[in-house]
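My questions concern the predicted model and sequence given below.
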Amino acid sequence: MIRRTIGTTLALSLSLLLAAGCGNTPTASNATNAPVKTGVMPVADPEIAVVEMENDGAYGTIKIELYSNIAPKMVERFKELAREGVYDGTTFHRVNDSVIQGGDPNSKDDDPKNDGQGASQKPDVPAEFSDIEYNSGIVGAARGPDVNSANSQFFITLKRESAFDRRYTIFGKVIEGMNNARIISGVQPKDFERPVESVRIKTIRIEPRQ
């Protein structure tokens, strides 16, 4: 099954964000054949997502506001998977100075080679592209070469990534814990971009915004 990965440099980011478990490496040219919602400001949901790490002392907590008015299907999926515990025990399997990426159920097992290739058992989510810019702290839906193949994996950008604009569904933004995301991005040692010692999510809670 084709799943989602993310790279380091601008060109590498695009190719690896789309890299397939089957070995395909498409480029940005095939990522623009979906409608783009324009001129709509994101409105935060009354609920937020709280990402609690297993090693809370090292990695802390990340809080994310969610944008149902921008990407209703992806927000619904994210909340659904969080409430069902699908994210519990998954890892941030790809980290670099550009993004941290997680949410793959495959990362719960003991085989690191399949990390980044998995998804939930639910159908893929269609593209919900917008003209919101990929600045620091934006939460996007990872996917395969098909623009309509987002499912469970997500990523957080650590800096401006203009090459991602209008190509990957944005469904939220970090409102607390960006420093923790940057700590995760700098974890060493790594096997390419996968931390050798798993950076594991304890749970993602959906709770009322305070």
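Thanks, I have it. Residues are numbered from 1 along each chain as shown.

From here on, just use CA atoms for contacts and neighbour counts.
Will do.

list the contacts for Gly57?
When contacts are counted by CA atoms under 8 Å, 6 or more residues apart in numbering, Gly57 touches no other residue.

That one falls within a strand, correct?
No. Counting by DSSP: H, G, I helix; E, B strand; the rest coil, one finds Gly57 to be helix, located in no strand.

quick one: the helices in this structure?
For the chain, the helices defined by DSSP state H occupy 10-17, 56-59, 72-84, 178-185.

Kindly reformat those helices as a markdown table and extend each row with mean pLDDT.
Written out in a markdown table, the entries for the helices of the chain read as follows (pLDDT from 0 to 100):
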| stretch | mean pLDDT |
| --- | --- |
| helix 10-17 | 41 |
| helix 56-59 | 92 |
| helix 72-84 | 98 |
| helix 178-185 | 98 |
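
JSON lines for the ones you listed, including distance to Val40?
Below are the helices of the chain laid out as JSON lines (distance: least, CA to CA, whole Å):
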{"stretch": "helix 10-17", "distance to Val40": "25"}
{"stretch": "helix 56-59", "distance to Val40": "33"}
{"stretch": "helix 72-84", "distance to Val40": "13"}
{"stretch": "helix 178-185", "distance to Val40": "25"}
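
And these: which comes nearest Ser152?
Taking CA to CA as the criterion, helix 72-84 is the member of these that comes nearest to Ser152, at 6.9 Å.

Could you report the neighbour count for the nearest residue to Val196 once chain neighbours are set aside?
The shortest distance from Val196 to any residue other than its chain neighbours is 5.0 Å, reached at Lys190 (CA to CA, 6 or more residues apart in numbering). Around Lys190 sit 16 other residues, with neighbours defined as other CA atoms under 10 Å.

What's the separation between the most centrally placed residue in the chain and Gly140?
Nearest to the mean C-alpha position of the chain, by CA atoms, centre = their mean, lies Phe154 at 1.6 Å. Taking CA to CA, to the nearest Å as the criterion, Phe154 is separated from Gly140 by 6 Å.

Also Lys63?
Relative to Gly140, Lys63 is positioned 14 Å away (criterion: CA to CA).

the more surrounded of those two?
Comparing Lys63 with Gly140 by other CA under 10 Å, the one with more neighbours is Gly140, at 24 against 20.

from what I can see that one touches Arg166, true?
No. In terms of CA atoms under 8 Å, Gly140 does not count as a neighbour of Arg166; the distance is 10.9 Å.

Glu76: what's it in contact with?
By CA under 8 Å, 6+ apart, the contact set of Glu76 is Ser68.

now swap in the one 3 residues further on and tell me
Listed by CA under 8 Å, 6+ apart, the contact partners of Lys79 are 49, 206.

one step back: so for Asp97, which of the helices of the chain sits nearest?
Proximity of the helices of the chain to Asp97 was assessed by CA to CA; the nearest stretch is helix 178-185, lying at 6.0 Å.

That closest one packs against which elements?
Counting by 3 or more CA pairs under 8 Å, 6 or more residues apart in numbering; DSSP states H and E, the packing neighbours recorded for helix 178-185 are helix 56-59, strand 61-66, strand 99-102.
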